[in-house]
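1. predicted model, plus sequence, below.
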Amino acid sequence: MDIDPDDVFRDDDDPEDEFHQERDATKEMLVYLVDASPKMFSTTFPSEDQKDVSHFQIAVRSIAQSLKTQIINRSYDEVAICFFNTREKKNLQDLNGVYVFNVPEREDLDRPTARLIKEFDRIEESFDKQIGSKYGILPGTRDNSLYNAFWAAQAILRKGSAKTADKRILLFTNEDDPFGNMKGVTKMDMMRTTLQRAKDAQDLGILIELLPLSRPDEDFNMSTFYAELLGLEGNDLAEFKALIGERFEDMKDQLRKRIFRKRKVRRINFIIAGGISIELNTYALVRPTNPGAITWLDSVTNLPIKAERSFFCSDTGALLQEPPKLFQTYKNENIMFSANELSEIKRVSTGHLRLLGFKPLSCLKDYHNLRPSTFVFPSDEEVIGSTCIFIALHRSMLRLKRFAVAFYGSSTHPQLVALVAQDEIVSTSGQIEPPGMHMIYLPYSDDIRPVEELHTDTNPMAPRATEDQIKSASLLVKRVDLKNFSVCQFANPALQRHYAVLQALALDEDEMPDTKDETLPDEEGLARPGIVKALEEFKLSVYGENFEEENDLMNNEKTSEASKKRKAIAENATKEYANYDWLDLADNGKLKELTVVELKYYLTRHNLPVTGKKEALISRILTHMGK
Amino acid sequence: MLLVHLYSMSLEGLVLVLDVGPSMHALLPEIEKVCSMLVQKKLIYNKYDEVGVVVFGTADTKNDLTVEVGGYENVMVLRDVKVVDGDLIEAVQQLPRGSAHGDFLDAIVVGMDMLIKKYGPTNKGKKRLCLITNALTPIKDPYEGSKEDQVNTVAAQMMTHGMKMDCIIIRANQDWGVRKEIVKENDFLLDVFSTRSSSKKVYVESATSLLGALRTRNISPVTIYRGDFELSSKLKIKVWIYKKTSEEKFPSLKKYSDKAPPTDKFATHEIKVDYEYKSIEDPNRVVPPEQRIKGYRYGPQVVPISSAEWEAVKFKPEKGVKLLGFTDVSNIMRQYYMRDVNIFIAEPGNTKATLAVSALARAMKDMDKVAIIRCVWRQGQANVVVGVLTPNVSEKDNIPDSFYFNVLPFAEDVREFQFPSFSNLPPSVQPNEQQQQAADKLVQMLELAPSGKEEALQPNLTPNPVLERYYRSLELKSKDPDAAIPPLDETLRKITEPDAELLYQNRAVIEEFRTSFELKENPKLKKSSRRVLREKPSGSSEEGEGVSDVGQAMDAIEYTSNVKVGKIGDSNPVQDFEAMISRRDSPQWITKAIQSMKDKIFDLVENSFEGDTYEKALECLGALRKGCILEQEPKQFNDFLHHLHKFCQEKNLSSFSEYLMSHEMMLISKNEAPESDVPEHEARLLTVKKEPKAEQDPETVPLDVGRL
């Protein structure tokens, strides 16, 4: 990785990188295999803007959305988009009824590019003209579009080794009986060859996943064909759910959740008591997404450059290798520590999670937080019985409203954690909260600041709201209610902007796109008479009649105070400024002999910024003088 | 001049007022630890701060007031208020053990007097007293008025001089017997302090929380935002926003350069880092820093954008804090809190704003509501933050109500992974009724917050064990640069490990839990990929060890490097060796201990400079000899001693041989260990005669020089 001193986005203080980025041992290669048969277009749903949406549209919109997420989060993964049951054909083997969608300067299976995203966004309009829909398994022909689709997808995924990449085919279809038109031996034969084709792919390490689109009134019957193709039996089959939704939004949510594979961060050992220790996997379900690392380029060639770091001895100027020892100045001495000693200090426990006991949930305060939480889910992969113990504890903790306190002895950041049990929450759009426990990193006393006491009132009694004031506040709270608020319903406007700009620049577009800031208050809603009234009443009960005047008064006092100060500084600077021959100092290179305070006289006098290091100040002065 | 002024403004003057009376003796080691940590942090982060120390409960009396006005007995000024230094650490690490009953009010007054004499009316708000006592002895009756009046007067004085006081009151056990009345009275009097002055009172019941109760580092709080909290465009509340939690990071050490000549007294030993930028295509071509341009990845492309260009198009929100609305507290799950926490307080001194915050906070609390807000802390900030305000209704009359603020994730920050429903999992992993009961009991009984007692491991009272260990190590190294890293303090082990007493009390519950569930290795898994079970303690094996072993079984998994000595260090080789050879968790430790000790002795002898390590080597050799006799390994020692002699002769270290002779280091004889083949009369002879055996056949010597 490049070393970059100016990288503003990197968190230097946190060596534990897994915290911000999941470790990805392998990259993923994914083929979206989309059924384009007429049936995909004929089944429709009402959507929020009252327009009907077809299964095909649901599929392509979900893919378009996931491509955008992917280019931000996981741009090293490779994707291909392949339609089957098409009128036109475009694929390496020249198979009928299969169309591989692509854009120039990109292999069929490749990282998503700005252009791919842009063109794919228009697929709904261009599809009919360019690709066209036509069911490919018809009596009287030997064509088998599903067979061809698997074959084409497998050929696309031939790239790269299965060891270094996860290979997946994600099949979108609403046809549970693809060979329904066929009869007798031909049908048997076609089914057999198709299943064999799929099995061949699976034997090569390719995972085939099905996203069956369905409607509440029409069951997607897995057992007709797909159960066998996916190798589902018994329990697994019963659990496998088709995507059913009344509304487009529900379907889209379900698809979005199923397109991305979950990746665990690591496996840990949870030591409970009496020698019992179970196996848990940890997952990073919430982590801040940053605008990605900066890659420095040579502005002349636009080619990437790398930073090389070298160490110099401050005393002798000698070039050093990576220094082995670190030191802290303490009692006027340099106390040395080796890297090993420092990690020994941090090793206060083994790298596992160790139960210390339980507390009622009320002991977990809102300020007991430092970093995003980590999700834990049991695994029986190594130790059979872990899941059973976990479920039992999970239920007890939910029922008794208690959380566990444990010590997580990671090597860089050993910390006390709270394990909070979360029950599963399911809605029409699928699972909203998975069942499991969230590991919340607790602060130590060293990390908590007693700010409340800072402004302890000089009176024994600080001002407290009266019952009436609380009542009017209650009315306000009731009025300004965000009914269906869900955490993370807002897109990050800065990030949206960042990527919209990047996309525009990547495609050489002249016009900068507009992005919407969803985080602004709902002015329209706040202007509703009921809310305006509640606000007015609250204001009246707390501030009385003279809110504006008082506020203005305070503002005036403040501004006048601040401006007085500014004025005094400026006056002083002007006075002092006259004591120097600035041109002469500059010409003779003597500016550097002045103090920063002295340099600021010049800057203040000429209304220039006064921030920065001494060198910056001097160069600013010289620039201003035109030198 | 201005600079100097600002400087002195930020200095803290602190007097530690410590109870060292008889009932405090058991806790003094912990108090010594926490006070030296405080001084150490000051030496690093606030080295111009000034600290004085007053102890009370001593037989002796030594303070200004007793001389000036009389009284104030059993109060000793250990150190006047002056700049922190190494001597102060020594002083707080060796607190006297007093034999008299102390009067905490006398001691407070002595401490105040020291601060007043030192600073006069200056340094307001930066003068602090820190009282640590168990308040089990009564204060003296005043000449006139009641005790309460007296406390009131002192508290008023504190206010006028702008002093703050932290009281840490230790309640180690609740069994006061006859002292109940005294305790009650003292509690009441200390309460007067906290309502009448800027005092804070904390009760601690365990040594661990005592270590966490004293704020060892004073960080002056800085607001991250001052301005309007907009409920709407027409209604704005003036607020100040601070950080409520912020991780105290592990100190960042500087890289050390040893290039400066040892004679250079002024060498900084620091290292400068230089960056050079090179083209990846042509590594010989250096690109000057100003010729660089930032590029952002977008898929396979890197899009170059100059800072100016970026400035023109980037997202530029206006500074401000705006309400989006209120929602049910159940809508915001705890796991979505993203960062460290901020606190919103009404602008100090602004009564109306304080009332507005108070009214909203109390209304929200009553209704189980939270507020969702959007924040841009400063102008020019390139992003917005959406988060949740939760009410913090004050329990203390003189502290205003406030809000806590937690950052919530954006859509991009959340990964919606799907996990199987527990109810859909196969019946084999579903706990049965009996198992569920065992789990219920465990969750109920391993109680960290018992009613009527202190909640264990409260974040507010739990110190960071890593930092404590670092500072202790720093102090040790300042005395001996080779000092090994000390093991984790016993008191702090309560943070990283379960409380042995709690486990013992609940041994039946734990045993029931253990026997209710079955854990086994997955037989399908390849051997090489097994990892988890190896670390499992023996306690989980099927035989089911006695319940009393629970604690030990827990211990066996941890600390191969610290608690159980696994190697022989530099500072205490003899102890390490003894600890290692007496380990019973594996028979290999004996061999390992003996071998490590041999290596250590060779090291010492070989690296000696004019015999400076001989004494230590002799000690080690003595320990090794003893160990070998105890463990019936005489041959190990005898062969080694022969070998050592030979080694000394080869390396011109015969001075060590002579040293051993003069200290009568002998082989182990048959009398001492039956397995020895050295008769008693020969044991001493080794050192005088040349050892022919070793010379003839070096191969038989177990220790090969080449291996050293």
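-> Received it, and whenever you're ready, just let me know what you need. Numbers count the residues shown, from 1 in each chain, chains lettered A, B, ... in the order given.
2. wait, A:Glu308 touches B:Glu276, no?
-> Yes. Contact between A:Glu308 and B:Glu276 holds when scored by CB atoms under 8 Å: they sit 4.8 Å apart. Any C-beta I mention is one placed from the backbone N, CA and C, and that applies to glycine too.
3. spatially central residue in chain B, please.
-> What sits nearest the mean C-alpha location of chain B, by CA atoms, centre = their mean, is B:Pro465, with 2.6 Å.
4. which residue is the nearest non-sequential neighbour of that residue?
-> Excluding its sequence neighbours, the residue lying closest to B:Pro465 (CB to CB, 6 or more residues apart in numbering or on different chains) is B:Leu492, at 4.1 Å.
5. look up phi and psi at the one you found.
-> The phi and psi values for B:Leu492, taken as degrees, to the nearest 10, are phi -80, psi -20.
6. and if you look at the one 3 residues further on?
-> Dihedral angles of B:Ile495 (phi, psi; degrees, to the nearest 10) stand at phi -90, psi -30.
7. follow-up on the earlier one: distance check, the residue nearest to the centre of chain B against A:Asp446.
-> Distance, B:Pro465 to A:Asp446, by CB to CB, to the nearest Å: 10 Å.
8. likewise B:Leu324?
-> 34 Å.
9. hmm, which helix or strand of chain B has the shakiest average pLDDT?
-> helix B:550-557 (a mean of 36; mean pLDDT, DSSP states H and E).
10. past it, which element shows up next along the chain?
-> helix B:573-581 (DSSP states H and E).
11. restricting to C-alpha, output that next one in PDB.
-> Listed next in PDB are the C-alpha coordinates belonging to helix B:573-581 (Å, rounded to 0.1, in the frame of the first residue of the first chain):
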ATOM      1  CA  PRO B 573      15.800 -14.400  36.700                       C
ATOM      2  CA  VAL B 574      15.800 -16.300  40.000                       C
ATOM      3  CA  GLN B 575      12.100 -15.800  40.600                       C
ATOM      4  CA  ASP B 576      11.200 -16.500  37.000                       C
ATOM      5  CA  PHE B 577      13.100 -19.700  37.200                       C
ATOM      6  CA  GLU B 578      11.400 -20.800  40.400                       C
ATOM      7  CA  ALA B 579       8.000 -19.900  39.100                       C
ATOM      8  CA  MET B 580       8.700 -21.800  35.900                       C
ATOM      9  CA  ILE B 581      10.100 -24.900  37.400                       C
END
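12. could you say what helices and strands that helix packs with?
-> helix B:588-606, helix B:614-630 (3 or more CB pairs under 8 Å, 6 or more residues apart in numbering or on different chains; DSSP states H and E).
13. so which residues of the stretch 101-250 of chain B form strands?
-> B:127-133, B:163-170, B:199-204, B:225-230, B:236-243 (DSSP state E, counting those that start in this stretch).
14. want to try JSON lines for those strands, with mean pLDDT, mean neighbour count and distance to B:Ala483 as columns?
-> Shown next, in JSON lines, are the strands of the stretch 101-250 of chain B (pLDDT from 0 to 100; neighbours: other CB atoms under 10 Å in any protein chain shown; distance: least, CB to CB, whole Å):
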{"stretch": "strand B:127-133", "mean pLDDT": "89", "mean neighbour count": "25", "distance to B:Ala483": "28"}
{"stretch": "strand B:163-170", "mean pLDDT": "87", "mean neighbour count": "23", "distance to B:Ala483": "30"}
{"stretch": "strand B:199-204", "mean pLDDT": "84", "mean neighbour count": "20", "distance to B:Ala483": "30"}
{"stretch": "strand B:225-230", "mean pLDDT": "92", "mean neighbour count": "19", "distance to B:Ala483": "45"}
{"stretch": "strand B:236-243", "mean pLDDT": "93", "mean neighbour count": "22", "distance to B:Ala483": "35"}
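15. where in the stretch 151-300 of chain A is pLDDT low?
-> Where the stretch 151-300 of chain A drops to pLDDT under 70, the residues are A:161-163, A:216, A:234-251, A:257-261.
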